[in-house]
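Asks: Curious how this folds, go ahead:
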Amino acid sequence: MTMQAILVALLAGTALVGGPTPAEAARRARAPRVPLPPIVFVSRNPILGDDGGRLAGAIPGIGPRDRAAAVGGRLLVREPDGSTRVLVGEDALFDVADPCVSWDGTRVLFAGLAHPDSSWRIHVVGADGSGLRAITRSDRNVALARLGAAATRFTRYDDLDPAWLPDGRIVFSSTRFPAISERGDHLATNLFVVEETGECLNRITTERNGADEPAVDLVTGRVVYSRWWLNVDRPTNWTRDGLTTVDDLAITDDVANIWQAVSVAPDGHGIKLHAGDPRSRQGSVCYKPTPLPDGRVLTVHGADGSLDPSPEGTGIRLFAPTADTGRFVIGLRPDVVPTNPPMLAKGPPRLAADPRPPFATDPAPLPDGRLLISYAATAAEDFGLWTCGLDGSDPEPLLDLPGTLELDPAILAPRPAPPILEDQFVTTSAELPPTEDPATFLINDTIRFDCLNVFTNAPVDAPIPDAPRITRQARIRFFLNFARQNPTGRDPSILFRTADLTPSGAVHEHDIPAEVSMFEQLTDEAGRILLTPAGRPAHVSGMNFARQGEGTKCVGCHAGHSVIEVPKNGELAAWFNAATSAEVKATSSWLPEGAEEPPCPPDRVVDRRARNDSLDVAWVAAGRSGESVTLSWPVPIEVSRLVLYGIRPNRKAGTDIRVKKCRAVLLRNGIIAADVADCGPIRPEGTAVEVAPTVIDALRIELTGVQGRVMGRRIAGLAEVETIARLNPR
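Replies: Residues are numbered from 1 along each chain as shown. Next up, the predicted model:
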């Protein structure tokens with residue numbers, strides 16, 4: 001719609017594209033469907049560009065560039081009758097952001113700025129406007145001189161994004177810990193915990209690039225926050241330490257460069273993925289996590305997954321509290337951006353379509369199950385407060401003050417507090433990072449690093465990528481990466497250790513530096529980077545940390561592995577689904593007329609997908625009789641169980657195939673090592689076939705009794721084959 005058309009529509013009172021008429025919007029704002037409790041929110045000025053106009057795409061408080069923007073604003077309350085009152089005005093503080101209501105509904109935490117040139121600090125005020133005071137102060141006393149040329153960048157620091165812990169303490173994001181993000185333009189944020197009195201301040205994260213927007217999971221009491229997942233060092237097979245920043249030497253151009261949602265205990269231990277779809281970068285983008293009472297979490301995504309320099313449009317998604325495909329709610333649709341955008345672009349990624357409104361951010365649940373959101377229905381990008389259903393349905397305007405952006409709404413009322421988790425790790429973290437001197441690497445003591453099996457895969461249909469392909473005599477490299485003296489943030493990574501994996505694929509290292517950002521890389525015995533079946537390198541595309549004295553325990557070494565259930569002991573963890581490492585061949589594959597490639601090739605039986613009405617998860621043969629599929633491995637494995645999945649029926653598509661009988665032939669060096677003549681009916685939900693532990697290097701599944709059809713054709717097929725096995729050390 002042109003500007004002229006917009007003006008005509010406004011004058012005529014007709015609807016703009018995608019929104020109600022001005023008159024209708026005003027009527028709805030005056031009379032919401034259900035009476036609402038008091039709502040606290042911030043009303044802030046827009047971010048202006050060098051030309052004095054509104055900076056397109058920029059939202060104060062969101063992303064590395066704009067989270068500490070000083071634009072001027074007020075903390076307001078919308079009362080149930082629709083009136084507004086000032087809780088903290090510009091006469092008290094120049095700007096405000098990120099209000100969080102106490103569990104008893106009596107106090108409001110927020111970040112406040114005394115004047116445009118000062119630093120952000122955490123404040124608290126009573127729900128009635130009384131008792132305004134600062135909780136954090138400009139009282140850091142550290143010797144920055146050892147940071148050399150970078151020291152001047154750390155003289156000022158900001159405290160942002162406060163949230164109440166259930167025990168009354170406060171967690172917040174801050175640039176107090178001296179670090180510059182690898183992008184070089186921004187100071188890195190980390191999470192700190194402090195008493196409401198301002199005492200007992202302690203850092204609980206050691207993120208290399210950023211830790212923003214903490215909240216508390218209402219079910220578990222863990223702290224959920226957004227981390228800037230970025231690692232500019234890429235894997236290579238052509239340098240001594242396996243790292244490069246040179247495009248021509250790198251195995252991949254993926255440096256991640258997104259914000260993802262993770263969680264830790266309130267003392268900072270036990271970090272793991274909290275939400276998102278780790279199969280793609282855009283699917284993993286989760287900023288401003290907002291937990292719901294049932295454990296699900298609302299998150300904000302932008303057209304630019306790093307939100308740097310700005311989000312370029314925002315939307316809201318809903319995820320289960322684990323690796324999950326998620327559900328779009330409202331605002332910018334995630335499908336307007338590539339599923340894997342360029343990760344180190346100079347500017348925002350090229351979009352599959354221009355990001356166009358509506359835009360939405362800052363979701364907050366309402367007692368009746370709806371959502372409060374900050375919403376911009378038109379290209380003006382003037383965010384106001386709206387309500388909508390949890391599925392994004394029926395958006396209705398609530399409040400939009402002229403010339404300002406209404407952001408960060410929260411219900412100003414009591415709410416049930418989450419469980420209180422007692423601190424297990426209470427040692428105060430060092431206020432400065434290590435230096436180049438190896439003697440300083442253990443400034444915060446050590447952790448124990450235990451990965452019980454790096455080759456472990458997630459269950460079938462879990463939205464988690466495959467683990468690295470199996471190999472004998474694999475090795476792991478540990479790299480440290482922390483800010484030191486480079487004012488651009490590009491301090492090089494340090495190869496701390498190279499260690500051998502155990503014959504079962506495990507890693508056990510007891511003296512890894514604690515509270516230092518680090519990443520890992522897997523190689524074969526010759527030092528070549530291990531790859532997943534999809535060709536992704538076994539190289540962590542971001543940084544991890546652990547609290548001093550902590551012991552990590554996990555399985556897998558790939559995106560999303562932290563949510564895979566860890567077996568009780570190493571003996572159980574040695575067994576895993578090794579099918580994804582197999583090369584797959586079949587007697588035939590169905591080729592539709594005019595097609596150049598089979599749409600359902602044999603390798604679909606090891607893609608860890610089965611429960612889908614579509615045939616894109618299955619192998620479909622060209623015929624019916626004598627059809628088989630064969631898996632073969634580059635190294636021997638010891639198999640104890642098979643799980644075979646039939647194709648799910650889809651009567652609309654003419655698919656009702658049933659594999660009534662099949663034979664499993666286990667092979668070693670071309671010789672039959674075991675033979676299961678009849679595996680029984682193969683169910684879509686999976687049929688387990690127990691076998692005596694047998695060392696093999698190939699498995700042939702023969703479909704000997706097939707009924708029904710696939711797409712109306714009398715042809716055979718299979719959805720998935722799991723091989724529960726362990727590496728054979730012989």
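Asks: what's the offset of stretch 421-431 from the middle of its chain?
Replies: Its chain's average C-alpha position is 25 Å from that of stretch 421-431, according to Cα atoms, centre = their mean, to the nearest Å.
Asks: That one: which residues count as buried?
Replies: By 16 or more other Cβ atoms under 10 Å, the buried positions in stretch 421-431 come out as 421, 423, 425, 429-430. Using the backbone N, CA and C atoms, a C-beta is placed for each residue, glycine as well.
Asks: Can you tell me which of those is closest to Gly129?
Replies: Distance to Gly129, by Cβ to Cβ, is smallest for Leu421 among the buried residues of stretch 421-431, at 32.5 Å.
Asks: On the pLDDT front, check that closest one for me.
Replies: The model reports Leu421 with a pLDDT of 98.
Asks: Turn the buried residues of stretch 421-431 into TSV, columns for secondary structure and distance to Asp304.
Replies: Below are the buried residues of stretch 421-431 laid out as TSV (DSSP: H, G, I helix; E, B strand; the rest coil; distance: Cβ to Cβ, whole Å):
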residue	secondary structure	distance to Asp304
Leu421	coil	34
Asp423	coil	36
Phe425	coil	35
Ser429	coil	31
Ala430	coil	33
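Asks: What pairs with the longest strand along the chain, parallel or antiparallel?
Replies: For the chain, the longest strand by residue count, based on DSSP state E, is strand 687-707. Partners of strand 687-707 in the sheet, by DSSP bridges, are strand 628-645 (antiparallel), strand 658-668 (antiparallel).
Asks: tally of neighbours for the closest residue to Pro358 other than its chain neighbours?
Replies: Of all residues not flanking Pro358 in the chain, Ala377 sits nearest, at 5.0 Å (Cβ to Cβ, 6 or more residues apart in numbering). Neighbours of Ala377 under the rule other Cβ atoms under 10 Å: 23.
Asks: My guess is Ala377 contacts Ala360. True?
Replies: No. The criterion here is Cβ atoms under 8 Å, and Ala377 misses it with Ala360 at 9.4 Å.
Asks: shared neighbours of these two, anything?
Replies: Common contacts of Ala377 and Ala360, defined by Cβ atoms under 8 Å, 6 or more residues apart in numbering, comprise Trp386.
Asks: quick one on the thing from earlier: and the strands paired with strand 687-707 as JSON lines, adding distance to Thr552 and mean pLDDT?
Replies: Below are the strands paired with strand 687-707 laid out as JSON lines (distance: least, Cβ to Cβ, whole Å; pLDDT from 0 to 100):
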{"stretch": "strand 628-645", "distance to Thr552": "26", "mean pLDDT": "97"}
{"stretch": "strand 658-668", "distance to Thr552": "36", "mean pLDDT": "97"}
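Asks: Low-confidence ranges, the stretch 301-450 of the chain, go.
Replies: 336-355, 379-381 (pLDDT under 70).
Asks: Distance check, the spatially most central residue of the chain against Phe177.
Replies: The centroid of the chain falls nearest to Gln260 when counting by Cα atoms, centre = their mean (3.0 Å). Distance, Gln260 to Phe177, by Cβ to Cβ, to the nearest Å: 20 Å.
Asks: ok, back up a step: identify, from the buried residues of stretch 421-431, the entry nearest to Ile715.
Replies: Leu421 (54.9 Å).
Asks: what's the nearest residue to that closest one if we skip its chain neighbours?
Replies: Gly221 (4.6 Å).
Asks: how far away is the one you found from Gly198?
Replies: 23 Å.
Asks: Same check on Ala364?
Replies: 27 Å.
Asks: Give me the more crowded residue out of the two.
Replies: Neighbours were counted for Ala364 and for Gly198 using other Cβ under 10 Å; Ala364 has more, 20 against 16.
Asks: Show the contacting residues for Gln260.
Replies: By Cβ under 8 Å, 6+ apart, the neighbours of Gln260 are 226-227, 229, 273, 276, 284-286.
Asks: next one: Ile494
Replies: Here Ile494 is in contact with 479-481 (Cβ under 8 Å, 6+ apart).
Asks: Show me the shaky parts of the chain.
Replies: If you take pLDDT under 70 as the line, the chain has these spans: 1-34, 336-355, 379-381, 729-730.
Asks: just the helices in it please.
Replies: Counting by DSSP state H, one finds helices in the chain at the ranges 3-12, 22-30, 63-66, 281-284, 570-573.
Asks: mind listing what's buried in the last one?
Replies: This means helix 570-573. For helix 570-573, by 16+ other Cβ under 10 Å, it's Ala573.
Asks: Run through who's touching it.
Replies: So helix 570-573 is contacted by 452-453, 456, 504, 506, 555, 566-567 (Cβ under 8 Å, 6+ apart).
Asks: cutoff 7 Å now
Replies: 452-453, 456, 506, 555, 567 (Cβ atoms under 7 Å, 6 or more residues apart in numbering).
Asks: go on, the third one?
Replies: Identification of contacts with helix 63-66 by Cβ under 7 Å, 6+ apart yields 47, 58-60, 181, 186, 210, 307-311.
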